[in-house]
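1. Got a sequence here, can you model it:
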Amino acid sequence: MLKSICEHSMIGRSYKKGLFDLELVDIRDFADNKHGQADDYPYGGGAGMLLKPDVTGSALQSVQAEDSHTVYLSPQGKPFNQATAERLAGQSHLILLCGHYEGIDQRVLAWADEEISIGSYILTGGELPAMVVIDAVVRLLPGALGAVASAKEESFAGQLLEYPQYTRPAVWNEEEVPAVLLSGHHENIRLWRKKQSLLQTLLKRPDLLLNRSYDTEERKLLEAILFEERGGE
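-> Numbering: from 1, shown residues only. Model (predicted):
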C-alpha cells in the first residue's frame, strides 16, 4: 500500500527525482517465530489484538537514529494540519510508525516524539494516515511543485482557504467566469483573490479566522465583505 505512493502523480515524480527517499519496514519481519506473529491479546482482556512491544520495538530501533523524528499515527494524536506538515518537512529523517489492530503496546510509544491524528474517526491501521502525511510533507520540499507560488497560495498555506479558480471556456452551462479574471489587471485580480479567500474562509471555516493577525489590506477587505453581507446598510 505504501509503496504505491512513490509510483504515481507528483509524489512519484518527486521520488524519481530523488527529492526524498522512502524506506518501508515490515514490523512482522522482526518477529522471532516462524509465523511472523507481531500481535497478541491485551493484558486485562478486551476485544482485539495489540502489536507486541518486543517486535514493534525492534522494528523501530532498526531505523531510529540521532537525527530521526518519530511520529506515531494515532486517533489520540494532535490534529494534523498545514503548520504540522511544514514543520515535519524540515525534518531530515522522519519515521512514521503505523499502528494496527487495537494499537501498539504503550511501552513502545515512549520512543515516539509525537502522536498525530488525521481526523476523529477509526481506521483499520496507520497506513492511510501515513500516506496523507507523506503527501502533505513531500509537496512542500524544494522542487516538488512546478511553481514555487503554488504551495504558498493553496488552502491553509496562509491560514485562509484558497480563492475560487476558473479555466476555459469562459462561459459554461450559462455561467460566466468573473470579469475581473479576464481583465488582465493584475492588481485587481490579486485583490479579488484575496477577498475571495477571506470570504470562502468566513463561510466554510470561520474557526480559521479566530486569533489571527490581519494586515491593513485584509481588514479592509473583510470589512467590505461584512458590509456586503448586511446588504450595504
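2. and the residue nearest to residue 39 when sequence neighbours are not counted, how many residues sit next to it?
-> Counting by Cβ to Cβ, 6 or more residues apart in numbering, residue 49 is the residue found nearest to residue 39 once chain neighbours are left out, at 4.0 Å. (C-beta placed from N, C-alpha, C; glycine too.) Using other Cβ atoms under 10 Å, residue 49 has 16 neighbouring residues.
3. if I read this right, residue 49 contacts residue 101, doesn't it?
-> Yes - counting by Cβ atoms under 8 Å, residue 49 touches residue 101, with 4.3 Å between them.
4. Would you mind listing the residues touching both of the two?
-> residue 39 (Cβ atoms under 8 Å, 6 or more residues apart in numbering).
5. next one: phi and psi at residue 125?
-> phi -160, psi -180 (degrees, to the nearest 10).
6. That one: what's it in contact with?
-> Taking Cβ under 8 Å, 6+ apart as the test, what residue 125 contacts is 98, 99, 100, 101.
7. quick one: the strands in the protein?
-> 39-40, 50-51, 68-79, 93-98, 114-117, 171-172, 175-176 (DSSP state E).
8. Indicate which one of these is closest to residue 129.
-> strand 68-79 (4.1 Å; Cβ to Cβ).
9. mind listing what the closest one pairs with, with the direction of each?
-> Note on strand 68-79: by DSSP bridges, its sheet partners are strand 93-98 (parallel), strand 114-117 (parallel).
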